[in-house]
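# have a look at this prediction, sequence included:
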Amino acid sequence: MREWIADAVAIGMGATIFMDLAGLARRHLFGTPLADYALVGRWIGAMPRGRFIHRPIAASPPLWGEAVIGWCVHYLTGIVFAAVLLALAGGGWARHPTILPALAVGIASVAAPFLLMQPGMGLGIAARRTPNPAAARRRSLATHALFGIGLYGAGLAASFWR
């Protein structure tokens, strides 16, 4: 169990770092906006106060520490999805990673922002309340596909350290 947790942490953090670096490259090359994880922190930070839905999140008052909360949640989410990958693909995947399960989990993980985060932040299901929902959906899908590639790459890197 300890090895499985260590694999989930290493692979999830590695994949999330890859996704973040790819986001910086996309911003530089294509002008793609970066995600604002402070807004994620604002959304999560308001939950203990009983506020789960914002209309929109940017209009809600900032919370102390929201950026730290958002970035922590971002990386914890990456670790959780790595754990899902390891659970679905089996224990041998971490020793011999393959791209298809990683890419499948990465792409499937787009359901979390489409169905939970974006509606909770006042953007609607699958960003339907944004000025350009199709563009927002494409960006989310590309980001999560990159996360899947990152899962595979981080899995490969972790397998070399065994």
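Arrived safely, thanks for sending. No experiment lies behind these values; they were computed from the predicted model shown.

# so where do the helices sit in this structure?
Remark: helices assigned in the chain by DSSP state H are 2-30, 37-46, 66-89, 99-108, 111-112, 118-120, 133-160.

# so which of the ones you listed is nearest Arg55?
helix 118-120 (10.4 Å; Cβ to Cβ). In this view, the C-beta of every residue, glycine as well, is placed from N, C-alpha and C.

# adding mean neighbour count and distance to Phe52, write the helices of the chain out as a markdown table.
A markdown table is the format used below for the helices of the chain (neighbours: other Cβ atoms under 10 Å; distance: least, Cβ to Cβ, whole Å):
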| stretch | mean neighbour count | distance to Phe52 |
| --- | --- | --- |
| helix 2-30 | 17 | 24 |
| helix 37-46 | 21 | 8 |
| helix 66-89 | 19 | 15 |
| helix 99-108 | 18 | 23 |
| helix 111-112 | 13 | 15 |
| helix 118-120 | 20 | 6 |
| helix 133-160 | 19 | 20 |
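
# redo these as JSON lines? Include mean pLDDT and distance to Ala58.
As requested, those are exported to JSON lines (pLDDT from 0 to 100; distance: least, Cβ to Cβ, whole Å):
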{"stretch": "helix 2-30", "mean pLDDT": "95", "distance to Ala58": "19"}
{"stretch": "helix 37-46", "mean pLDDT": "96", "distance to Ala58": "7"}
{"stretch": "helix 66-89", "mean pLDDT": "97", "distance to Ala58": "12"}
{"stretch": "helix 99-108", "mean pLDDT": "98", "distance to Ala58": "27"}
{"stretch": "helix 111-112", "mean pLDDT": "96", "distance to Ala58": "20"}
{"stretch": "helix 118-120", "mean pLDDT": "95", "distance to Ala58": "13"}
{"stretch": "helix 133-160", "mean pLDDT": "96", "distance to Ala58": "14"}
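
# a markdown table for those, including distance to Ser60?
Below are the helices of the chain laid out as a markdown table (distance: least, Cβ to Cβ, whole Å):
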| stretch | distance to Ser60 |
| --- | --- |
| helix 2-30 | 24 |
| helix 37-46 | 6 |
| helix 66-89 | 10 |
| helix 99-108 | 29 |
| helix 111-112 | 20 |
| helix 118-120 | 11 |
| helix 133-160 | 19 |
